[in-house]
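Chemist: structure for this input, please:
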Amino acid sequence: MKRDLDLIRNMLLVIENHSEDNELSSDDFLHLNENKDIIDYHLYLLDDSGYIDATDVTCIGYRYPQLLVNWLTSDGCDYLDSVRDDSIWTKTKEKLSAAGSSLSLSLVKTVASKIILNQIGL
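Modeler: You can find the predicted model right below:
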């Protein structure tokens, strides 16, 4: 399964805007993509990358880990800060499209950060 950078960004925005009274399950992201396996896989990627703090509640029979999202980590906040703005995100994707389809999240963050630095004259 391929990593969907738009989905990752949108999932991080949902997590950031969620109250911390309870955890988020994959069902809370189905409005972003109706395929639960895709949501579960991307939650796993976010957890594996250290962008979210999550609790593994996987039971036998699931293809992907079942995670309950607690909150964004500091790294998750930093990544989201670099790609939050819609115009920055659009420019970032334009720059990245020239590089191909397989890109690390750290490269995405670096490109977005450079666009932001250029906009503020640094």
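
Chemist: which helix or which strand is home to residue 55?
Modeler: strand 52-56 (DSSP states H and E).

Chemist: partners of that strand in the sheet?
Modeler: strand 67-72 (antiparallel) (DSSP bridges).

Chemist: flag every buried residue along the lengthiest helix in the chain.
Modeler: Counting residues, the longest helix found in the chain (DSSP state H) is helix 105-119. For helix 105-119, the neighbour count (16 or more other C-beta atoms under 10 Å) marks 105, 108, 109, 111, 112, 113, 115, 116 as buried. Every C-beta, even on glycine, is put in place using the N, C-alpha and C of the backbone.

Chemist: can you check the pLDDT for the third one?
Modeler: It refers to residue 109. As predicted, residue 109 sits at a pLDDT of 90.

Chemist: from memory it sits against residue 81, does it?
Modeler: No - shown here, residue 109 and residue 81 do not form a contact pair, counting by C-beta atoms under 8 Å, at 9.1 Å.

Chemist: return the distance of the residue lying farthest from the centre of the chain relative to residue 87.
Modeler: Most distant residue from the mean C-alpha position of the chain: residue 121, 27.5 Å away (C-alpha atoms, centre = their mean). Remark: distance between residue 121 and residue 87 (C-beta to C-beta, to the nearest Å) = 16 Å.

Chemist: same thing with residue 112?
Modeler: 11 Å.

Chemist: next: residue 4.
Modeler: 20 Å.

Chemist: so between the two, which is more surrounded?
Modeler: More crowded of residue 4 and residue 87, by other C-beta atoms under 10 Å: residue 4, with 16 against 9.

Chemist: end-to-end on stretch 88-105?
Modeler: 15 Å (C-alpha to C-alpha, to the nearest Å).

Chemist: that stretch: which residues count as buried?
Modeler: For stretch 88-105, by 16+ other C-beta under 10 Å, it's 88, 89, 91, 92, 93, 96, 105.

Chemist: run through who's touching it.
Modeler: Stretch 88-105 has contacts (C-beta atoms under 8 Å, 6 or more residues apart in numbering) with 2, 5, 8-9, 49, 51, 79, 82-83, 107-108, 111-112, 115-116, 119.
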